[in-house]
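J.: below are the sequence and a predicted model; questions follow.
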Amino acid sequence: MKKHNFAFIDIETTGLNLLKNEIIEIGCVLTTPDLKVIEEFELKIKPEHIETANQIALKVNHYNREDWESALSLEKAIKIFSKKVRDCIMVGHNVSFDSGFLEYTFNQFKIKNPMHYHKLDTISIAWAKFHNDPSFEHFSLHEMCLHFGIKNERAHSALPDARATYELYKKLMSL
């Protein structure tokens, strides 16, 4: 595992149900194993079934039709994404949510998940370190950023949340 690069990933979706809702944004910070940034990228994805979207989710993740006019198709975006994250260890905040949507999408387009099978979750790491600390009531990305002084001025946008997860991981691992 020590030789694999990391992919700090965040996705934004039109809701929480992977059978009904869609990925509309993927943000990623790629790093070396020693956490030096190689590349950052964001992929906006045009939803095909906006009528099934949860309106609260769209508001939370700043969706508006104009900003997504020139967005990629999901198939094109997932092909670009899969090339960039090959053999990387996925790191996320509540990684199971993001990896579930991504795995579903890989399967939809008959693409083998190119990432290393290990995943790291910053919520799990934070909980392991602070579950007995009464100053921690919640382990959301927002709360963790507040606690560690990490600026995330556009929360619930894919690339800013991926950057915040990267910064949080560095803080957690330095403790």
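T.: That came through fine.
J.: next, count neighbours for Leu141.
T.: Residues lying near Leu141 (other CB atoms under 10 Å) number 23. (Each C-beta comes from the backbone N, C-alpha and C, glycine too.)
J.: cool, and the one 3 residues further on?
T.: Other residues within reach of Met144, judged by other CB under 10 Å, total 25.
J.: also Thr52?
T.: 14.
J.: from what I see, it and Lys20 are in contact.
T.: Yes - using CB atoms under 8 Å, Thr52 is in contact with Lys20, at 5.3 Å.
J.: where do the helices sit along this structure?
T.: With DSSP state H, the ranges of helices along the chain come out as 55-60, 74-84, 95-108, 122-130, 141-148, 158-173.
J.: could I get the fourth one in CSV with only the CA atoms?
T.: It refers to helix 122-130. The C-alpha trace of helix 122-130 is given here as CSV (Å, rounded to 0.1, in the frame of the first residue of the first chain):
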residue,chain,number,x,y,z
THR,A,122,-11.4,10.4,7.3
ILE,A,123,-14.6,10.0,9.4
SER,A,124,-13.4,6.6,10.7
ILE,A,125,-9.9,8.0,11.4
ALA,A,126,-11.4,11.0,13.3
TRP,A,127,-13.7,8.8,15.2
ALA,A,128,-10.9,6.4,16.2
LYS,A,129,-8.8,9.3,17.5
PHE,A,130,-11.6,11.4,19.1
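J.: need phi/psi at the residue lying farthest from the centre of the chain.
T.: For the chain, the residue at maximal distance from the C-alpha centroid (CA atoms, centre = their mean) is Pro134, at 27.7 Å. With angles defined as degrees, to the nearest 10, Pro134 sits at phi -70, psi -10.
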